[in-house]
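Peer 1: Predicted coordinates and the sequence they were generated for:
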Amino acid sequence: MEKLPIPTKHSRFSILILLVLTVVFVPGVIFANAQTNSSNGSSNQTITVSGDISNSDNLVSSNGTLSLSNNSAPLNKENVIYYKNTSGYLVYPENTSVQGDNKSTAKLPGVVMIHEWWGLNDQIRNMADELAKEGYAVLAVDLYNGKVAASPDEAMSLVSTARENQNESNSNTVAAVDYLMSLDNVDSSKIISIGWCFGGGQALQLALNADPTSPMAATVLYYGNLVTDQQQLSKINGPVLGIFGGEDQSISVSEVNEFEQALNANNITNEIYIYEGVGHAFANPTGESFAPNELMDAWKKTVEFLDSHVKKD
């Protein structure tokens, strides 16, 4: 049998490079960049997730709703007036009570959930239900005064009005925080903001404009408009989770990187994930950009992030 040559230092290096390239370019793999920064220092890590992480056949039901949570807790659902005459959608596990039932003393983290540019529709209510199943009291707010867009043109008109009146939008979401804090079954020190698209940007705005004495316990934004000014971002006290698509034509990767760098410069704990090959609104099952595998992975990361940073105490 012919003896194989002993690898030289140069050949060993070549083999190593070949192995690295094999891993990097293997098909069917999603790459997400994560930056975690804390007061104890920061550590960069690249997280590789299989492109076939779940069976997404049963992810979307026949009526278009998503099944993301593995929990099946019964939920209390109601429409509530939380700001002026504005109605929001409140949902939480039934084993707690907003009336202070002495039989149940559990305090839930509260979540201000902010809709996409379409408005407070059934898809956002569905997302509120799924997060409530994980043990949260979720208030899905309405920044459009009851209107829900039926077309992109109508959505653009509504979102433009909300952005032009940002002070009013801020007052709306801050009032939602106050409403959640007033509930007997909510831990007033653990209020979270989360949103998608337009709502992602508004979730960040809420973190920037919240009462300094009651800052957001965490902020989660899915491909929302960003603030990259370091001084403005210094107002944030809680950790930040950002979910983005590498092919997003609205929120560029370079802008996401600037956002991440500004958070790090302020020593704000953060996790930023960029999913390659997917575009804007990839988490919305009603859109053309819907990416079920990436959504499932992003949702898992969202739940783990909130559990780690909000429920850990």
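Peer 2: Ah, there it is. Numbering: from 1, shown residues only.
Peer 1: which residues touch residue 158?
Peer 2: The contact partners of residue 158, by Cβ atoms under 8 Å, 6 or more residues apart in numbering, come to 117, 119, 144, 147, 149. C-betas here are computed from N, CA, C, even on glycine.
Peer 1: Quick check: which element contains it?
Peer 2: With secondary structure defined by DSSP states H and E, residue 158 is part of helix 152-164.
Peer 1: in that helix, what's buried?
Peer 2: 155, 158-159, 162-163 (16 or more other Cβ atoms under 10 Å).
Peer 1: ok, so of the residues you listed, who is nearest residue 72?
Peer 2: Using Cβ to Cβ, the shortest approach to residue 72 within the buried residues of helix 152-164 belongs to residue 155, at 32.9 Å.
Peer 1: what's near enough to touch that closest one?
Peer 2: With Cβ under 8 Å, 6+ apart, residue 155 has these contacts: 117-119, 149.
Peer 1: so how far is residue 79 from residue 147?
Peer 2: Residue 147 sits 15 Å away from residue 79, going by Cβ to Cβ, to the nearest Å.
Peer 1: can you check residue 201 too?
Peer 2: From residue 201 over to residue 79 the distance is 25 Å, taken as Cβ to Cβ.
Peer 1: Check which element follows the lowest-mean-pLDDT helix or strand in the chain along the chain.
Peer 2: Using mean pLDDT, DSSP states H and E, strand 41-50 stands out as the lowest-scoring helix or strand of the chain, at a mean of 38. Going down the chain from strand 41-50, the next helix or strand is strand 75-83, by DSSP H and E.
Peer 1: List the buried residues in that following strand.
Peer 2: 76, 82-83.
Peer 1: Now for residue 205: which residues touch it?
Peer 2: Here residue 205 is in contact with 166, 169-170, 173 (criterion: Cβ under 8 Å, 6+ apart).
Peer 1: Which of the contacts of residue 158 sits closest to residue 290?
Peer 2: Taking the contacts of residue 158 together and measuring to residue 290 by Cβ to Cβ, the closest member is residue 117, at 16.0 Å.
Peer 1: what number of residues lie near that closest one?
Peer 2: 22 (other Cβ atoms under 10 Å).
Peer 1: Let's see the pLDDT reported for the nearest residue to residue 129 once chain neighbours are set aside.
Peer 2: Spatial nearest neighbour of residue 129, excluding adjacent residues (Cβ to Cβ, 6 or more residues apart in numbering): residue 91 at 5.6 Å. For residue 91, the pLDDT comes out at 98.
Peer 1: same deal with residue 27?
Peer 2: At residue 27, the pLDDT value in this model is 37.
Peer 1: Could you do residue 69 as well?
Peer 2: 87.
Peer 1: residues contacting the residue nearest to it when sequence neighbours are not counted?
Peer 2: Once its chain neighbours are removed from consideration, residue 69 has its nearest residue in residue 133; the separation is 4.0 Å (Cβ to Cβ, 6+ apart). Under the criterion of Cβ under 8 Å, 6+ apart, the neighbours of residue 133 are 69, 71-73, 75, 93.
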